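Enquirer: Next input, structure requested:
(one chain, ligands or ions: 2)
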Amino acid sequence: MSHSTPNRPADRPTPTVEDYLMTMHVMERDYGEIIAARLAEMLNVTPATVAMTFKRMERDQWVVGKGRKGGVHLTESGRSAAYSVIRRHMLAELLLVKLIKVPIAETHNEAHGIEHSISPALEERLRKVLGDPEVCPHGNPFPGHEAATSHWIPLTELAAGQKGVIRRIHEFAEDNHALLGFLVENGIAPGAAAEITEVLPFNQTLTIRIKERAITLGFQAARYIYAEVT
Ligand SMILES: [Zn+2]
Ligand SMILES: [Zn+2]
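Expert: Numbers count the residues shown, from 1 in each chain. Ligands and ions are numbered 1, 2, ... in the order given. Presented below is the predicted three-dimensional model:
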């Protein structure tokens with residue numbers, strides 16, 4: 001995985017480490033801790049590979065381990081490297097959606113191929129050209145702009161009869177290609193007006209209506225979708 005690129009500053013982590021940092025930051029931001037087993041699942045590698053990469057990342061001071069059961073945390077330089085790759089990822093997504101009209105079901109994966117080779121100068125130009133954006137095409141916040149999304153509520157916290165506008169599909173759903181494809185295919189995308197029509201806690205499902213279509217989602221997927229209540 002060592003595709004070196006001429007635009008990569010010398011102090012930037014390798015693309016593999018950048019992928020780790022991006023996911024680890026989102027885990028810490030939203031779930032309070034980094035879970036190695038979950039990371040392995042999300043990055044599609046074995047737990048042994050994660051453990052090995054953690055060792056390298058600790059050596060290079062992107063993360064610190066907190067003893068035997070304290071888990072792993074990003075260092076300050078790890079966090080700013082995570083912010084940097086997340087910004088580049090999101091700018092690449094916006095570029096693909098706005099300029100090349102790539103469907104939002106595909107931008108995430110395409111952006112993964114681009115983000116590692118965007119130089120700081122290009123990043124700055126993209127940011128300006130794209131109008132200093134606050135969220136990616138899926139509604140996830142740029143680092144430092146978390147407040148822009150803080151009033152959007154996961155569908156699992158809404159009751160039957162409540163209406164809203166879909167605003168955000170969480171990064172972890174973006175990473176699940178099958179799920180993201182299903183959502184977009186069914187019109188569950190930022191900007192869509194939706195109504196919760198049924199919540200069945202015993203079944204762990206809820207049903208939403210978008211246009212004339214009723215879509216049933218498990219709580220696990222619904223938790224990744226945020227709406228602005230209207
Ligand atoms: Zn993405
Ligand atoms: Zn995105």
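
Enquirer: residues near Q204, how many?
Expert: 13 (other CB atoms under 10 Å). Glycine gets a C-beta too; all of them are placed from N, C-alpha and C.

Enquirer: what does H73 give?
Expert: 15.

Enquirer: Now it: which helix or strand?
Expert: Element membership of H73, judged by DSSP states H and E, is strand 72-74.

Enquirer: K98 now?
Expert: helix 76-99.

Enquirer: how about that helix: buried residues?
Expert: Across helix 76-99, burial judged by 16 or more other CB atoms under 10 Å covers 78-79, 81-97.

Enquirer: elements contacting that helix?
Expert: Judged by 3 or more CB pairs under 8 Å, 6 or more residues apart in numbering; DSSP states H and E, helix 76-99 is in contact with helix 15-31, helix 107-114, helix 120-129.

Enquirer: closest one to Y226 among those helices?
Expert: The closest of the helices and strands packed on helix 76-99 to Y226 is helix 15-31. By CB to CB, the value is 11.3 Å.

Enquirer: what is the orientation angle of the closest one with helix 76-99?
Expert: Counting by axes from the mean of the first three to the mean of the last three CA atoms, to 10 degrees, helix 15-31 points 90 degrees away from the direction of helix 76-99.

Enquirer: Show me what helix 15-31 is packed up against.
Expert: For helix 15-31, the packing partners by 3+ CB pairs under 8 Å, 6+ apart come out as helix 36-43, helix 47-59, strand 72-74, helix 76-99, helix 171-174.

Enquirer: contacting residues for the residue of the chain found nearest ligand 1?
Expert: Scanning the chain for the residue nearest ligand 1 gives H108, at 3.6 Å (criterion: CB to the ion). Contacts for H108 (CB atoms under 8 Å, 6 or more residues apart in numbering) come out as E93, H138, E174, D175, L180.

Enquirer: now swap in L206 and tell me
Expert: Here L206 is in contact with L155, T156, L158, A160, I196, E198, V199, L200, T216, L217, F219, A222 (CB under 8 Å, 6+ apart).

Enquirer: give me that answer again for 10 Å
Expert: 155-156, 158-160, 196-200, 215-219, 221-222 (CB atoms under 10 Å, 6 or more residues apart in numbering).

Enquirer: can you pull the contacts of the most centrally placed residue in the chain?
Expert: Nearest to the mean C-alpha position of the chain, counting by CA atoms, centre = their mean, stands E171 at 2.0 Å. The neighbourhood of E171, defined by CB under 10 Å, 6+ apart, consists of 22-23, 25-27, 29-30, 42, 86, 89-90, 108, 136, 138, 140-141, 224.

Enquirer: Could you do I114 as well?
Expert: With CB under 10 Å, 6+ apart, I114 has these contacts: R88, H89, L91, A92, E93, L95, L96.

Enquirer: from the residues you listed, which is closest to ligand 2?
Expert: Ligand 2 lies nearest to E93 out of the contacts of I114, by CB to the ion, at 4.8 Å.

Enquirer: tell me the pLDDT at the closest one?
Expert: Looking at E93, its pLDDT reads 96.

Enquirer: what would the helices and strands packed on helix 15-31 look like in CSV with distance to ligand 1?
Expert: Below are the helices and strands packed on helix 15-31 laid out as CSV (distance: least, CB to the ion, whole Å):
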stretch, distance to ligand 1
helix 36-43, 12
helix 47-59, 20
strand 72-74, 19
helix 76-99, 5
helix 171-174, 4
